[in-house]
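Peer 1: sequence isn't available, so here's the structure alone:
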DNA sequence: TTTTTGTATTATGTCATACAAATAAAGTAC
DNA sequence: GTACTTTATTTGTATGACATAATACAAAAA
């Protein structure tokens, strides 16, 4: 059996800055530092660890990059609550994700849409319903009776759903996933955009809204599954390579 | 008379390194650089942008921290595919997430469990089923007939489900969420661990497995919803603050 | 007294230079 | 051609200096 070798760092292949970073992490843990606490200044760390200010700065810069600390002139460095989504964002901005990662992310979005039904029903307010209604009505006027996807409308409707979840991490995650979604959508094969639904009954935004208004999470999930069917079809037909098996 | 100072835009407050980082990003985009491409050396950038090597290094270090580039001595810097989960990981390691973010993440995990049913049914193999069977059987031997949660068993079973998804981003995401899950689990109020199910019928791992074996995604979802009911109950009863409304 | 303005202090930000360390590439011996 | 040694190059680290911004506080003005 292949044992998990996930988080074991090779011995002493660490650069000086790596070591400094580890020591800093230790220091934070030992002193049980919390958000808002300030930490010693660069020169003090440098002296205490016996390395140059350069090494300390590089280590601290890493922490700043992942959002664990913030620095202000004269004031020094302060521990901050890291913005976990922001790091995601930054990495994505560089358009360096491979095909596989993009597909993974696309799937992730479908999973989220399917999984958040219970949250929606628990947290929906009348205001949410009203605003969704407005969105849907506007879309109905705009669109002809065709089933063609308008990406803009998709985003408006589904984005509003995420807001109802009242889970800001989830929301920001979705914001982040949008560019990927767009990318995959734009690169859709032509036929995909007028997809024929297996069971004939296409669930529209209006349908979803009505269910959200009057029905329950279970019904909503299955309706959403139908609504997303073209996406699922495409995804589930991709034979994924199994690189790490 | 004292004039109103209403409409004057603050001038750019970017640090030099910030600007350098932006220029680097531009450079990558303009030259349409891809994974594996190598970029000019630090001194060349420094000269080209008219700043010190220090500034360049700090900007590049940021990129290295988020995993967009890798550096090797003598060889220089090479664009790499960023590991989007890793950044998440690093931020979490410092235990600086606030209560709200933790709850968000916990919710996210429930959402994932609920949402991934279709992937499971599309990708399950006989091997997956067999191994799950083994896991469940072992658990049945271990546990008495009580319904008490054994965290270890939860992880083994649900972790295996994530593997079936064959979405490595999702899997790593789940690995990452585990500590948070543990934390919330450990801090559970005492009564929560022997939760009474609303409809009397508690869905066990065995039940889930049988459904995965013989039934369909829809049934699986609702079974999972039941299985996760105690967690949902706790989450959905939390009145979340609405900081940004 | 209150408010504004100047000034000193201090920690981070940036620069310049030098050297250490790793290693790809070239060279050398066989 | 292979194995070993040397060289050149690029990043990694150290040091010292100065710039910049935020802060506290003193001084001046209202």
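Peer 2: It's in. It should be emphasised that the depicted structure is a prediction, and the values quoted were computed from it without experimental measurement.
Peer 1: what segments of chain A are helices?
Peer 2: If DSSP state H is used as the criterion, the helices of chain A fall at A:16-30, A:42-49, A:53-65, A:84-93, A:99-115, A:117-123, A:126-142, A:151-165, A:168-186, A:205-214, A:217-227, A:229-237.
Peer 1: can you put those helices in a markdown table and add mean neighbour count, mean pLDDT and distance to DNA strand C?
Peer 2: C-beta here means a position set from N, CA and C on the backbone, and glycine is covered the same way. Rendered in a markdown table, the data for these read as follows (neighbours: other C-beta atoms under 10 Å in any protein chain shown; pLDDT from 0 to 100; distance: least, C-beta to the nearest atom of the strand, whole Å):
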| stretch | mean neighbour count | mean pLDDT | distance to DNA strand C |
| --- | --- | --- | --- |
| helix A:16-30 | 16 | 95 | 9 |
| helix A:42-49 | 15 | 95 | 4 |
| helix A:53-65 | 21 | 96 | 6 |
| helix A:84-93 | 21 | 85 | 17 |
| helix A:99-115 | 21 | 90 | 26 |
| helix A:117-123 | 21 | 95 | 39 |
| helix A:126-142 | 14 | 91 | 41 |
| helix A:151-165 | 18 | 89 | 34 |
| helix A:168-186 | 17 | 80 | 25 |
| helix A:205-214 | 17 | 96 | 47 |
| helix A:217-227 | 20 | 95 | 46 |
| helix A:229-237 | 16 | 84 | 39 |
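Peer 1: got the domain boundaries for chain A?
Peer 2: Residue ranges for the structural domains of chain A, counted by automatic domain parsing, are given in the record as A:16-79, A:86-237.
Peer 1: make JSON lines from these and add distance to residue B:51 to it.
Peer 2: Compiled in JSON lines, those are given as follows (distance: least, C-beta to C-beta, whole Å):
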{"stretch": "domain A:16-79", "distance to residue B:51": "16"}
{"stretch": "domain A:86-237", "distance to residue B:51": "21"}
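Peer 1: which of these sits closest to chain B?
Peer 2: Ranking these by their distance to chain B (criterion: C-beta to the nearest C-beta) puts domain A:86-237 first, at 2.8 Å.
Peer 1: so how far is that closest one from its chain's centroid?
Peer 2: Between the mean C-alpha location of domain A:86-237 and the chain-wide mean there is a distance of 14 Å, by C-alpha atoms, centre = their mean, to the nearest Å.
Peer 1: redo the helices of chain A as CSV? Include distance to residue B:92.
Peer 2: As requested, those are arranged in CSV below (distance: least, C-beta to C-beta, whole Å):
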stretch, distance to residue B:92
helix A:16-30, 12
helix A:42-49, 23
helix A:53-65, 13
helix A:84-93, 7
helix A:99-115, 18
helix A:117-123, 22
helix A:126-142, 31
helix A:151-165, 21
helix A:168-186, 12
helix A:205-214, 33
helix A:217-227, 29
helix A:229-237, 28
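Peer 1: who wins for proximity to residue B:172 among these?
Peer 2: Ranking these by proximity to residue B:172 (C-beta to C-beta) places helix A:99-115 first, at 9.5 Å.
Peer 1: got the contact list for the most centrally placed residue in chain A?
Peer 2: Compute the mean C-alpha point of chain A, and by C-alpha atoms, centre = their mean the closest residue is residue A:173, 2.6 Å away. Residues touching residue A:173, when contacts are defined by C-beta atoms under 8 Å, 6 or more residues apart in numbering or on different chains, comprise A:85, A:88, A:112, B:108.
Peer 1: test my guess that the first one contacts residue A:177.
Peer 2: Meaning residue A:85. No - Residue A:85 sits out of contact with residue A:177 when judged by C-beta atoms under 8 Å, with a separation of 10.4 Å.
Peer 1: and residue A:234, how far from residue A:227?
Peer 2: 14 Å (C-beta to C-beta, to the nearest Å).
Peer 1: do residue A:209 as well
Peer 2: As it turns out, when the distance is counted by C-beta to C-beta, residue A:209 lies 11 Å from residue A:227.
Peer 1: which residues of chain A lie near DNA strand D?
Peer 2: By C-beta under 7 Å from any atom of the strand, the residues of chain A that approach DNA strand D are A:15-17, A:51-55, A:58, A:72-75.
Peer 1: what about residue A:98, how many neighbours?
Peer 2: With neighbours defined by other C-beta atoms under 10 Å in any protein chain shown, the count for residue A:98 comes to 12.
Peer 1: do I have it right that it meets residue B:81?
Peer 2: Yes - checked against C-beta under 8 Å, the pair residue A:98 and residue B:81 is within contact range at 5.4 Å.
Peer 1: what do the two both touch?
Peer 2: The contact lists of residue A:98 and residue B:81 share residue B:35, where a contact means C-beta under 8 Å, 6+ apart.
Peer 1: tell me if stretch A:35-47 is near chain B.
Peer 2: Yes - using C-beta under 8 Å from any C-beta of the partner chain, stretch A:35-47 reaches chain B at residue A:35.
Peer 1: quick check: end-to-end length of that stretch?
Peer 2: Across its full length, stretch A:35-47 reaches 25 Å end to end, with C-alpha to C-alpha, to the nearest Å as the criterion.
Peer 1: now what about it, what contacts it?
Peer 2: A:24, A:27-28, A:33, A:48, A:52-53, A:55-57, A:60, A:69, A:75-81, B:96, B:98.
Peer 1: what about 7 Å?
Peer 2: Applying C-beta atoms under 7 Å, 6 or more residues apart in numbering or on different chains, the set of residues contacting stretch A:35-47 from outside is A:33, A:52-53, A:56-57, A:60, A:76-81, B:96, B:98.
Peer 1: now the two most distant members of the residues you listed.
Peer 2: Of all pairs drawn from these, the greatest distance, 34.3 Å, lies between A:52 and B:98 (C-beta to C-beta).
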